[in-house]
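J.: build me a model from this:
(2 chains)
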Amino acid sequence: MDIKQNYFEFLGLPKSYQLDKQALSERTRELQKTLHPDKFAHLADHERRLSVQYTAYLNEAVATLKSPLNRAQYLLSLRGEDTYSESSVQLDPMFLMQQMELREAVEDMTDADDPDTAVEEMYAEVTEQKQKFQSEFQTLYDQADYPAAAMTVRKMQFIDKLERDIEALEDKLYD
Amino acid sequence: MALLQIAEPGQTPEPHQRKLAVGIDLGTTNSLVAAVRNGETATLPDHDGQHLLPSVVRYTDAEPEVGAGALAQAAKDPFNTIVSVKRLMGRGAEDLKALGGQAVYRFAPADGGMPYIETVAGRKSPVQVSADILSSLKVRAEDTLAGELEGAVITVPAYFDDAQRQATKDAAQIAGIKVLRLLNEPTAAAVAYGLDEGAEGVIAVYDLGGGTFDISILRLNKGVFEVLSTGGDSALGGDDFDLALAEWFKDQLQLTDIDARLSRELTGRARWAKEQLSTQASVEVGFDLSGGGSSLTVTRELFDSLVDNLIKKTLSACRRALKDAQVELDEVSEVVLVGGSTRVLAVRERVEAYFKRAPHVNIDPDRVVAIGAAVQADLLAGNKPDSEMLLLDVLPLSLGLETMGGLTEKVIHRNTPIPVAKAQDFTTYQDGQNGMVIHVVQGERELVDDCRSLARFTLRGIPPMAAGAAKIRVSFQVDADGLLSVSAKELSSGVVSEIQVKPSYGLADNEIADMLKASYSNAEEDMHARSLREQQVEADRILISLEQAIEADGDVLLSAEELQHLQEQMALLLQLRNGTNYKLIEKGVKELAKASDFFAARRMDLSIKEALKGQSVDDIEGDV
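T.: All right, here's what the predicted structure looks like:
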């Protein structure tokens, strides 16, 4: 595929971490109407193939920009900072310690007297941490301190993993 | 600029002529075809005025017989009369065991691949049987509409996986039908009622057929239909209502010695009584028994009490589906009834009481899916260029790859909007490993064995490297029909392996070609005529579409040289198109497609700009 525009350009949005959700959803809708293969169903095969590629690109762009973590990673990749592959960079020990505690708390959730409340408390904790790191990323990115922003992304990845673990555990609780 | 003339000899070209497109409901028990004519959407009847075509094919020494005639012979000729073939679509030989006693056919020995049924006319695959049903509907449509079909929208159950969807598309190809889109059945039903025009909400589609029950929970959000969950019972339907009433007859008439003929007779009377009770409060049922005639009165109350448990079963499936969808009962804003068995008044009342709202019932529940498909087909054929409707689907089941230890690594999660393309990197686990088996699976479970195996292929020629050094990128692409193609590439060496995923239980391309050949008595000649026609249609399609593109944007997007070059290429293809060598036409189409790709891409980029124009462009900042 040869679409040269990045996701922001493709969707006509400013290249920043701040996201105008309303604009994103309006533009997505407009582009879907323009690009979807159904609009090309009666045309020649190669035009349809092209539309499948463009729509797939659109869907990927939307999914990436909608997620605060993926949006951050994508912005950094446009600045040459790779946060997709494994890194050997040491994270701040305080943060790691806190993560270990949180992880233990999650594992204990199943044995809690009131698992419902335990789950809710964990979610509240996760939400708070997510917001903290998102605004930290915003600041660092706006200051063009990309290596530091990349460190924040690593932390966001931890929280993301933690959230998915809570979800998995929650599924188990209610099965 | 000289406009190209593309027309059949003796025909006047009409560029704005309405294109013929139909919607096809390829059902387990019955199939239908519908079309939009003069603004009205309706199903098309056969010569005898029948709209429903029983999905039954009987193979004989001569042409296969499809429909009511075949059904009438089912009891007499069970091995050659194939019913409910939809249950076999995209299924492997080992899945047949799961069907239990239902499959009475003689299956040809198969080595884990697709099951073939032995008939007097030779081995038949489920795809071939479905193709015969589709052919019959195609003939009906072309006779009724008096013209060649541009294409069809064919409906499939929302829970159909890639193998089942691919099998359906293959069947259409064998029947010579261009598939404009595979559409989910519940989505089609919602479209038939125009619910896509509504803003937002949760729609429950309750589909009770003769032998199956499906419940689908959809979320509609600005024209996007998302299937939140599906559920049901593949062995519960209106036929069970008939059996319940027939049981009661048996008790009342104190019949003990019941042979197959009498049993059929009782079920037949029960079915008739059931249908009468949809419009009247009670019915008198007469029996002509060997010991003399007799009659019984069946009231609605009595019938309702007999089928009460069956309806309860459907409602508990609804409850489970809502739970799976994580939707509360009061969030459901619309209920749509599909399937002939929803004519039973007790069903309507109980569904209404359960969902606490009146269901949509204005459209014949047997026809509603076909009608929705026809609305979409008309649109996709390009007959309504100004329509705002756009149906977006999501992937019904996650797609993934087998990794070490028989675990599934999901590459694309269920409910992802399609089309979608995703890539994931994998690595080798042995030093010097020069090949890698890519095993594509579909399903939600963690273990590969619990998912459906879609395809297996091998990436060969990886240069010798230490374990973990090679980087193999596996790319998935899913099109708007939910069909997958996969490619694998070793990044450091550029070794590529690509396949259009042909499900393990599907047909290889050469098998499809063989079937196409076999479907003609004068194989070679007919095959040639058909290929020629198909390629001419393709050539016309690209020529017309390019001509319109040049007319619209040629002056802005093409330089004088580019325009001249394109027009030369078009003239070349036109010359080939009017010849008789389909292989040359095919090649010509490919070349013109290649030569004009840059133009198509420029137009796409232009339309993106147009689409975003007027939407506060001034806040688009440049790169800081």
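J.: got the residues of the stretch 351-500 of chain B near chain A?
T.: B:379-382, B:388, B:390-392, B:416-422, B:477-480 (Cβ under 8 Å from any Cβ of the partner chain). (Each C-beta comes from the backbone N, C-alpha and C, glycine too.)
J.: if we go to 10 Å?
T.: Residues of the stretch 351-500 of chain B lying close to chain A (Cβ under 10 Å from any Cβ of the partner chain) are B:376-377, B:379-383, B:385, B:387-392, B:416-422, B:425, B:471, B:476-481.
J.: which of those residues are buried?
T.: B:376-377, B:379-383, B:390-392, B:416-422, B:471, B:476-481 (16 or more other Cβ atoms under 10 Å in any protein chain shown).
J.: in strands only, show me these.
T.: In strands, defined here by DSSP state E, the members of those are B:420-422, B:476-478.
J.: need those residues in CSV with pLDDT, can you?
T.: Output for those, formatted as CSV (pLDDT from 0 to 100):
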residue, pLDDT
B:V420, 91
B:A421, 90
B:K422, 90
B:F476, 90
B:Q477, 89
B:V478, 90
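J.: export those residues to CSV and tack on distance to B:L566?
T.: Below are those laid out as CSV (distance: Cβ to Cβ, whole Å):
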residue, distance to B:L566
B:V420, 32
B:A421, 29
B:K422, 34
B:F476, 34
B:Q477, 28
B:V478, 32
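J.: run through the stretch 401-550 of chain B and note the low-pLDDT ranges.
T.: Counting by pLDDT under 70, the ranges of the stretch 401-550 of chain B that qualify are B:497-526.
J.: ranges for the strands of it?
T.: For the stretch 401-550 of chain B, the strands defined by DSSP state E, counting those that start in this stretch cover B:407-412, B:420-426, B:435-442, B:452-460, B:472-478, B:484-490, B:496-500.
J.: just put those strands in JSON lines and tack on distance to B:N184.
T.: Conversion of the strands of the stretch 401-550 of chain B to JSON lines gives the following (distance: least, Cβ to Cβ, whole Å):
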{"stretch": "strand B:407-412", "distance to B:N184": "18"}
{"stretch": "strand B:420-426", "distance to B:N184": "16"}
{"stretch": "strand B:435-442", "distance to B:N184": "16"}
{"stretch": "strand B:452-460", "distance to B:N184": "18"}
{"stretch": "strand B:472-478", "distance to B:N184": "14"}
{"stretch": "strand B:484-490", "distance to B:N184": "17"}
{"stretch": "strand B:496-500", "distance to B:N184": "22"}
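J.: what's the domain layout of chain A?
T.: Domain segmentation of chain A under automatic domain parsing yields A:7-66, A:93-174.
J.: quick one: closest of these to chain B.
T.: Chain B lies closest to domain A:7-66 among the domains of chain A, at 3.6 Å (Cβ to the nearest Cβ).
J.: the closest residue to B:E142 other than its chain neighbours: what secondary structure?
T.: Closest residue to B:E142 apart from its sequence neighbours, by Cβ to Cβ, 6 or more residues apart in numbering or on different chains: B:L149 at 6.0 Å. What DSSP: H, G, I helix; E, B strand; the rest coil gives for B:L149 is coil.
J.: can you give me the helices for the stretch 501-624 of chain B?
T.: With DSSP state H, counting those that start in this stretch as the criterion, the stretch 501-624 of chain B has helices at B:509-518, B:523-557, B:560-577, B:582-612.
J.: please apply the same query to the stretch 101-250 of chain B.
T.: For the stretch 101-250 of chain B, applying DSSP H, counting those that start in this stretch gives helices covering B:126-145, B:162-174, B:185-192, B:238-252.
J.: make a markdown table out of these and add distance to B:P464.
T.: Below are those laid out as a markdown table (distance: least, Cβ to Cβ, whole Å):
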| stretch | distance to B:P464 |
| --- | --- |
| helix B:126-145 | 42 |
| helix B:162-174 | 34 |
| helix B:185-192 | 50 |
| helix B:238-252 | 62 |
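J.: helix, strand, or coil at residue 76?
T.: Since you didn't name a chain, this refers to chain A. With three-state DSSP as the basis, A:L76 sits in helix.
J.: pLDDT below threshold where in the chain?
T.: Assuming you mean chain A. Residue ranges of chain A with pLDDT under 70: A:1-2, A:174-175.
J.: wait, chain B was what I had in mind.
T.: B:1-17, B:94, B:96-104, B:109-113, B:199, B:291, B:497-526, B:614-624.
J.: kindly reformat the helices of the stretch 101-250 of chain B as CSV containing distance to A:P37 and mean neighbour count.
T.: Shown next, in CSV, are the helices of the stretch 101-250 of chain B (distance: least, Cβ to Cβ, whole Å; neighbours: other Cβ atoms under 10 Å in any protein chain shown):
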stretch, distance to A:P37, mean neighbour count
helix B:126-145, 22, 22
helix B:162-174, 14, 24
helix B:185-192, 16, 28
helix B:238-252, 37, 19
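J.: nearest to B:Q50, out of the strands of the stretch 401-550 of chain B?
T.: Nearest of the strands of the stretch 401-550 of chain B to B:Q50, taken as Cβ to Cβ: strand B:452-460 at 36.2 Å.
J.: mind listing what the closest one pairs with, with the direction of each?
T.: strand B:435-442 (antiparallel) (DSSP bridges).
J.: may I see the buried residues of the strand it pairs with?
T.: Buried positions in strand B:435-442, judged by neighbour count with 16+ other Cβ under 10 Å: B:436, B:438-442.
J.: kindly report the same for stretch A:97-113.
T.: For stretch A:97-113, burial by neighbour count (16+ other Cβ under 10 Å) applies to A:99, A:102, A:105-106, A:109.
J.: between the residues you listed, which is closest to A:H42?
T.: Set against A:H42, the nearest of the buried residues of stretch A:97-113 by Cβ to Cβ is A:V106 (53.0 Å).
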